[in-house]
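Participant: any chance you can model this:
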Amino acid sequence: MPRAAKSKAKTRKSAGDDPSNSDFALRSLQEAHAADPRYKANRKKLLELYEQMLLIRRFEEKAGQLYGLGLIGGFCHLYIGQEAVAVGLQSALEPGKDSVITGYRDHGHMLAYGIDPKVIMAELTGRQAGISKGKGGSMHMFSTEHGFYGGHGIVGAQVPLGAGLAFAHQYREDGGVTLSYFGDGAANQGQVYETFNMASLWKLPIIFVIENNQYAMGTAVKRSSAETEFYRRGTAFRIPGMDVNGMDVLEVRKAAEVAIEYVRGGNGPVLMELNTYRYRGHSMSDPAKYRSREEVKDVREHNDPIERAKKELLKMGESEDSLKAIDKSIRAKVGAAADFAESSPEPDLSELYTDVLVERY
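Facilitator: Just a heads-up that it's a prediction; the model follows:
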């Protein structure tokens, strides 16, 4: 054997003998999650999570109505069906310390972060009072005050940007963690894997979250992806993966705690696959003819995240009347947000010339 080949073989053997390089770390988080998969929520906490999910559901339903009336223009991607993902994950974050970045299906993530529904709805309708002054619309909303960095229309763009946010946390030594959401469609983007490599090398404090809603823009996962178990995709970069039921808010919350503890401990990134389902089309202009009505109905009737939480609350002693009162209150809150948006003025024409960066580099 040539000397160089012998040296390389020896190096590989040494790396394999090192316990820190074994594949245990790649399996350990999934094993920990499987051993204790659900968060032990008391009635008060589950009620809080239920209300957050219901707010997202009612908000998105109202947004769909306003789109149909022509009050929301352009693209509009609703989060109906996926509520447990954003609520379960972001309820485990530390406000003011951690950061979140996502793609263009972003309304739910903002609501889960406690951002005022009024300013979100105003942004959807292109009003001056909107969180991006009416300039971003549905897909481009930001709140640095809340550590929410978008809202990105370019598929997968938020993944390397999320790594940048994670690097900032690491550089400042502030203990913060970044959640970078993307979908099963974006999971096949090359920039995603470049980011995996860099994040693993630098042990960045980031959790990559694949919201696998099964259809990307309209193509079933099994027709578009050679590896359909997305949580495995970090293996080549030594990133541990977690396979999570994204339709169960308590399972999501517990998995989030496992992942956050690992990342905040300085161990580098985690890849989480949240298996979920969107009830509407990819966007409001998508009739979703690539799946049957029966399929959607089956998920709604047997695997809805809000109904699951509702049943558990009823078992805990919560009454039907109290849950109806909560729904009524949330509908009123969403109605007030819609009224606020409709009555707010559009941006002045002078706003065309603000918030524009023109520099030489």
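Participant: starting at the chain centroid, how far to the lengthiest helix in the chain?
Facilitator: Longest among the helix segments of the chain by residue count, using DSSP state H, is helix 43-68. Distance of helix 43-68 from the chain centroid (C-alpha atoms, centre = their mean, to the nearest Å) equals 15 Å.
Participant: identify the residues contacting the helix or strand just after that helix?
Facilitator: From helix 43-68 onward toward the C-terminus, using DSSP states H and E, the following helix or strand is helix 83-90. Counting by C-beta atoms under 8 Å, 6 or more residues apart in numbering, the neighbours of helix 83-90 from elsewhere in the structure are 49, 52-53, 56-57, 79, 100, 108-109, 111-113, 179, 209, 211, 246-253, 255-256, 274, 276, 305-306, 309. No exception for glycine: its C-beta is placed from N, CA and C like everyone else's.
Participant: among these, which lie within strands?
Facilitator: Within the contacts of helix 83-90, residues falling in strands by DSSP state E are V100, L179, V209, E211, L274.
Participant: filter the residues you listed to the buried ones?
Facilitator: Buried by 16 or more other C-beta atoms under 10 Å: V100, L179, V209, E211, L274, out of those.
Participant: now those as JSON lines including pLDDT?
Facilitator: JSON lines is the format used below for those (pLDDT from 0 to 100):
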{"residue": "V100", "pLDDT": "97"}
{"residue": "L179", "pLDDT": "98"}
{"residue": "V209", "pLDDT": "98"}
{"residue": "E211", "pLDDT": "98"}
{"residue": "L274", "pLDDT": "98"}
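Participant: with distance to R293 added, can I get these in a markdown table?
Facilitator: As requested, these are arranged in a markdown table below (distance: C-beta to C-beta, whole Å):
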| residue | distance to R293 |
| --- | --- |
| V100 | 33 |
| L179 | 33 |
| V209 | 29 |
| E211 | 23 |
| L274 | 24 |
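Participant: quick check, nearest of these to K289?
Facilitator: Within the set of these, E211 lies nearest K289; the separation is 22.0 Å, counting by C-beta to C-beta.
Participant: beta partners of the closest one?
Facilitator: Beta bridges link E211 to G183, L274, judged by DSSP bridges.
Participant: give me the next element, helix or strand, following the helix or strand bottoming out on mean pLDDT in the chain.
Facilitator: Taking mean pLDDT, DSSP states H and E as the measure, the helices and strands of the chain show their lowest mean at helix 3-17, namely a mean of 43. On the C-terminal side of helix 3-17, the nearest following helix or strand under DSSP H and E is helix 24-35.
Participant: give me the mean pLDDT for that next one.
Facilitator: Taken as a whole, helix 24-35 has an average pLDDT of 88.
Participant: same question for stretch 216-235.
Facilitator: If you average the per-residue pLDDT over stretch 216-235, you get 93.
Participant: how far off centre is that stretch?
Facilitator: Worked out by C-alpha atoms, centre = their mean, stretch 216-235 lies 17 Å from the chain centre.
Participant: pull up the distance across it, start to finish.
Facilitator: Between the opening and closing residues of stretch 216-235 we find a distance of 22 Å, counting by C-alpha to C-alpha, to the nearest Å.
Participant: list the buried ones in that stretch?
Facilitator: By neighbour count on 16+ other C-beta under 10 Å, the buried set for stretch 216-235 is A216, G218, V221, S224, S225, F230, Y231, R233, G234, T235.
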